[in-house]
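In: attaching a predicted model along with its sequence, questions to come.
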Amino acid sequence: MAGYIEDRWWTKRPDPETGKKRKTARYGKGKRWRVAGIPGVRDRSFANKTGDDGADAWLADAQSKSRSGDFIDPRSGDLTLAEYIEGEWWPSVTGDVATLQTVKGRVWTHIVPHLGHQRLNTIKVPQLRAFLKELDGTTGPGTVHAAWGYLSSILQTAVEGERIHKNYCTYRTAKAALPKPPERKARAWQRDRIFAVQAALHPRFQIMVDLGVGAGLRQGEVFGLAVDDVDADAAVIHVRRQVRKIGSKLVFAPPKGGKTRDVPLPQHIARQLKAHLDQYPARQVTLPWIDPETPSTEKQREARAPQTHTLIVTAVKGGAIRRDSWNLREWKPALAAAGVIAEPEISVKPKNGRAQGRTVKKYEESRENGFHALRHTFASVQLDARESVVAVSKWLGHADPSITLRIYAHMMPEADGRGRAAMDAWFAAGSETISPDSPQLPQAA
């Protein structure tokens, strides 16, 4: 059997003159016993030969696991979580630029500061429960769940890379400490609220409400909608791109999930689009495709080549709209004016030592009243009209109808009334009309 234990303090062969073993040059220095000779396993030294933490026990365990292919050297996980993330995990992560930005932000904000100092092979259930307790005290449940998902992915990669034996994030006792995830139901807006918010917007942006409610477009898709994406003759809107912010720069990118789609164009929206373009003509905008960074290869140069599109909605001074500044300067003031959210807190901050500082408006956080509420309203109207979930899912750009059901099932019209009527009609028709394959009720005695 491969593997042996070497005594590093005494020679293996005795002195030919005295017949006794001799001390080696290492006598009394470092650990005495070394396990070596196991294929694919690094040598390891021990202070003791026997006992649970001795060379004998480790040799037997390593030999057994080496034969079955399950051996993982504990020293492979003897680095900090931060070192592993920065040196191995993060360089292997792939995805689009915006997604990578989100992932990096979450990992370096919510995981590294709390667990980064821990050795990778010491992160077990107690450490994970302490991490959740610490995180739950500073962030909301949704953020905690997101951070937990990323941490589990990191540890699972370490398992697959044979750095550690187990991913303790999968243990029930660890997950039991997770806070209850927030219940988020998509909520549609009433017509009067939509019209009130629309009226409070600058006229050049009012068409965005029509496109959100009438076609279910996401905010970035409205920003990226071009004149040639609207086919009035076929009554269709081709959703081909969105405007995204990568760092401080804007880019054109495919719609969410990389899926283009076609959405029905109601006559009302077609009329509104024509009126909008008559008053605010479309403008050409040129942006990089997907990634704003300077390409370093010919392949990247081709993939990121700037595109020019004649956009239907642009900023007041021209150019594509920036989501964050538009939400702060246009959308939230409109919500406040319509009574959807409270008026902002106003404060004055000093500016360059001047007596008259800069006026700052702080609006309340209101995730449920974001632009996405218009898309929820679109889905609500379609489902209430008994459009098929498959069709609505396609128009919304969901990867699968099950996603649409999970988000909007509570918006679907009740069907129990129709079901009762159908059963009453079935019984009233008489047994002679029942299919031979249908279950028969027992006859009265």
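Out: Thanks, I have the structure now.
In: pLDDT below threshold where in the stretch 51-200 of the chain?
Out: The stretch 51-200 of the chain contains residues with pLDDT under 70 at 64-77.
In: and the helices in it?
Out: 55-68, 81-84, 90-92, 97-106, 112-115, 125-136, 141-160, 172-175, 191-200 (DSSP state H, counting those that start in this stretch).
In: got the angle for the longest one vs helix 125-136?
Out: Yep, that's helix 141-160 we're talking about. Taking axes from the mean of the first three to the mean of the last three CA atoms, to 10 degrees, one finds helix 141-160 and helix 125-136 inclined to each other by 150 degrees.
In: got the contact list for helix 141-160?
Out: For helix 141-160, the surrounding residues in contact (CB atoms under 8 Å, 6 or more residues apart in numbering) are 77, 81, 84-85, 88-89, 92, 103, 106-107, 110-111, 115, 120, 123, 131-132, 135-136, 139, 164-170, 178-182, 184. Using the backbone N, CA and C atoms, a C-beta is placed for each residue, glycine as well.
In: distance between it and the chain's centre?
Out: 11 Å (CA atoms, centre = their mean, to the nearest Å).
In: can you give me the buried ones in that helix?
Out: Across helix 141-160, burial judged by 16 or more other CB atoms under 10 Å covers 143-144, 146-148, 150-155, 157-158.
In: nearest to residue 325 among these?
Out: Comparing those against residue 325 with CB to CB places residue 143 closest, at 23.8 Å.
In: how near is the residue lying closest to residue 410 once chain neighbours are set aside to residue 36?
Out: The shortest distance from residue 410 to any non-neighbouring residue, by CB to CB, 6 or more residues apart in numbering, is to residue 185 (6.0 Å). Relative to residue 36, residue 185 is positioned 62 Å away (CB to CB, to the nearest Å).
In: so for the two, which sits in the more crowded spot?
Out: residue 36 (15 against 11; other CB atoms under 10 Å).
In: quick check: chain neighbours aside, which residue is closest to that one?
Out: residue 43 (4.3 Å).
In: contacts only, for the one you found.
Out: 34-36.
In: mark which of those are part of strands, please.
Out: 34-36 (DSSP state E).
In: which one of those sits closest to residue 406?
Out: Nearest member of the ones in strands among the contacts of residue 43 to residue 406, counting by CB to CB, is residue 35, at 53.2 Å.
In: shaky segments in the stretch 251-400 of the chain?
Out: Scanning the stretch 251-400 of the chain for pLDDT under 70 picks out 351-356.
In: swap in 90 and give it another go.
Out: 257-259, 293-296, 300, 303, 317-318, 344-368, 380-381, 383-388, 399-400 (pLDDT under 90).
In: and the strands in it?
Out: 261-264, 283-287, 307-311, 345-351, 354-362 (DSSP state E, counting those that start in this stretch).
In: closest one to residue 338 among those?
Out: Of all the strands of the stretch 251-400 of the chain, strand 354-362 comes closest under CB to CB, at 16.2 Å.
In: neighbours of residue 345, how many?
Out: Residue 345, neighbours per other CB under 10 Å, totals 10.
In: against residue 327, how distant is the residue nearest to residue 410?
Out: 22 Å.
In: wait, is residue 13 part of a strand?
Out: Yes: under DSSP: H, G, I helix; E, B strand; the rest coil, residue 13 falls within a strand.
In: sorry, back to before: can you put the ones in strands among the contacts of residue 43 in CSV and add distance to residue 271 and pLDDT?
Out: Converted to CSV, those look like this (distance: CB to CB, whole Å; pLDDT from 0 to 100):
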residue, distance to residue 271, pLDDT
34, 85, 84
35, 82, 81
36, 83, 81
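In: domains in this structure, as residue ranges please.
Out: According to automatic domain parsing, the chain comprises the domains 4-71, 77-175, 191-369.
In: those domains into CSV, with extra columns for distance to residue 411?
Out: CSV is the format used below for the domains of the chain (distance: least, CB to CB, whole Å):
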stretch, distance to residue 411
domain 4-71, 50
domain 77-175, 22
domain 191-369, 13
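In: on that earlier part again, now the buried members of the contacts of helix 141-160.
Out: Buried, going by 16+ other CB under 10 Å: 77, 81, 84-85, 88-89, 103, 106-107, 110-111, 115, 120, 123, 131-132, 135, 164-165, 167-169, 178-179, out of the contacts of helix 141-160.
In: so residue 290 sits right up against residue 95, yeah?
Out: No: counting by CB atoms under 8 Å, residue 290 does not reach residue 95; the two are 11.4 Å apart.
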